[in-house]
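Undergrad: Below: sequence and its predicted model.
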Amino acid sequence: MLDSLGFVIFLVVVALVFDFLNGFHDSSNSISTIVSTRVLSPKYAVFWAAFFNFVAAFLIGTQVAHTIGQGIVNIKIIDNGLILAALGGAIIWNIITWYFGLPSSSSHALIGGLIGAGIAKGGISTLVWTGITKTMAFIILSPTIGLVLGYVFMVISMNLNRNSNMARSEKLYRKLQLISSAVYSLGHGMNDAQKTIGIIAIILYSKGLIDSSFNIPYWIIIMCYTVIALGTMFGGWRIVKTMGTKITKLRPIGGFSAEAAAACAIIGSSVAGIPVSTTHTIAGAIVGVGATKRLNAVRWGVAGSIVWAWILTLPITALISAIIYLVLNYFTC
């Protein structure tokens, strides 16, 4: 049953469900700053973000998809049951964190799912440590880079506007924030849509429908970017409030600085083929912006709960996925 063509189609559909939930869950990252600064209403902000999520399909290759497809678990041991378990763990964790309004990483949920299901099938030796080490390093590096760049961008912006009055500065940065949020959404699409592209590519590779060079058909790319854009349009409103208002209070100058900082970090990682958490990066950038005012301008209790969600994502999704794989294996053997 697990090897039938019908089940392969089912797996592709499940992967697209994850892709949709990724956009749904992470839409808050794309729009939280521009909504909280009231540059755009939520209604227009989600369309703005979704459009640039999709446009990203035409601006970058599939470096991140190759890392997901070949750089986490040995591709030779991957089967349909393993993929279903990995996706199941990631989807369950995304729903849990969305329900509680926690901006966790869909990317790390998927990677944790692959790790857990891979270990359940073949043990630790099935893991590709070069790809995992790179990904694990960026769990720390991506929010840190976002924080540093957010701080730097905010300081530069404040210095450039030190002789400008508040009304003129607000007007300028409201316009600039449209650009920064668009570029951030491009970066989000570049990195996050490719994770599902990598999963679908694995599914097709395991059935001999993709050659050994792992060349990914363009229809997969367009399909995944379309679905993540649709997910963004429907939006995870519970998380918007956490990202946009609970970490620190933002004005347009701060929103621009946070988005520009996160966009630089995410696009750079995407070009390098590193699957980073867009959630971690924008949250780090927002903290960096808040820290330019004074340290107590950042609500460290909220930031701490977010960090705990980040820390728990990999082990919990790995555990859930391992359980799903073992249950599937028990009933299909």
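TA: Looks like it came in fine.
Undergrad: If I look at the closest residue to A57 other than its chain neighbours, what pLDDT would I see?
TA: Nearest-residue entry for A57: Y225, 3.8 Å, with adjacent residues in sequence omitted and distances by CB to CB, 6 or more residues apart in numbering. Heads up, the C-betas are built off the backbone N, CA and C, glycines and all. pLDDT recorded at Y225 is 94.
Undergrad: Repeat that for I228.
TA: So I228 comes in at 92 (pLDDT).
Undergrad: Restricting to C-alpha, output the helix or strand hosting it in CSV.
TA: Element membership of I228 [criterion: DSSP states H and E] is helix 218-234. C-alpha atoms of helix 218-234 as CSV (Å, rounded to 0.1, in the frame of the first residue of the first chain):
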residue,chain,number,x,y,z
TYR,A,218,9.8,23.4,-12.7
TRP,A,219,6.1,22.4,-12.1
ILE,A,220,7.0,21.4,-8.6
ILE,A,221,8.6,24.8,-7.9
ILE,A,222,5.6,26.7,-9.2
MET,A,223,3.2,24.5,-7.4
CYS,A,224,4.9,24.9,-4.0
TYR,A,225,5.4,28.7,-4.3
THR,A,226,1.7,29.0,-5.3
VAL,A,227,0.5,27.0,-2.3
ILE,A,228,2.7,28.8,0.3
ALA,A,229,1.4,32.1,-1.1
LEU,A,230,-2.1,30.9,-0.6
GLY,A,231,-1.3,30.0,3.0
THR,A,232,0.1,33.4,3.5
MET,A,233,-3.1,35.0,2.2
PHE,A,234,-5.2,33.2,4.8
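Undergrad: okay, now I77: neighbour count?
TA: Neighbour count for I77, taken as other CB atoms under 10 Å: 14.
Undergrad: My guess is it contacts G118. True?
TA: Yes: with contact defined as CB atoms under 8 Å, I77 reaches G118; the gap is 7.1 Å.
Undergrad: Now for the two: what residues contact both?
TA: Residues touching both I77 and G118 by CB atoms under 8 Å, 6 or more residues apart in numbering: T126.
Undergrad: which stretches of this protein have low pLDDT?
TA: 1-3, 27-30, 102-103, 212, 235-249, 294-307, 309, 333 (pLDDT under 70).
Undergrad: which element is the nearest residue to S321 once chain neighbours are set aside on?
TA: Counting by CB to CB, 6+ apart, G89 is the residue found nearest to S321 once chain neighbours are left out, at 3.2 Å. Using DSSP H and E, G89 falls within helix 80-99.
Undergrad: what's that helix packed up against?
TA: Other helices and strands packing on helix 80-99, by 3 or more CB pairs under 8 Å, 6 or more residues apart in numbering; DSSP states H and E, are helix 5-36, helix 106-122, helix 166-206, helix 237-241, helix 300-332.
Undergrad: Report the angle between it and helix 5-36.
TA: For helix 80-99 against helix 5-36, the angle by axes from the mean of the first three to the mean of the last three CA atoms, to 10 degrees is 20 degrees.
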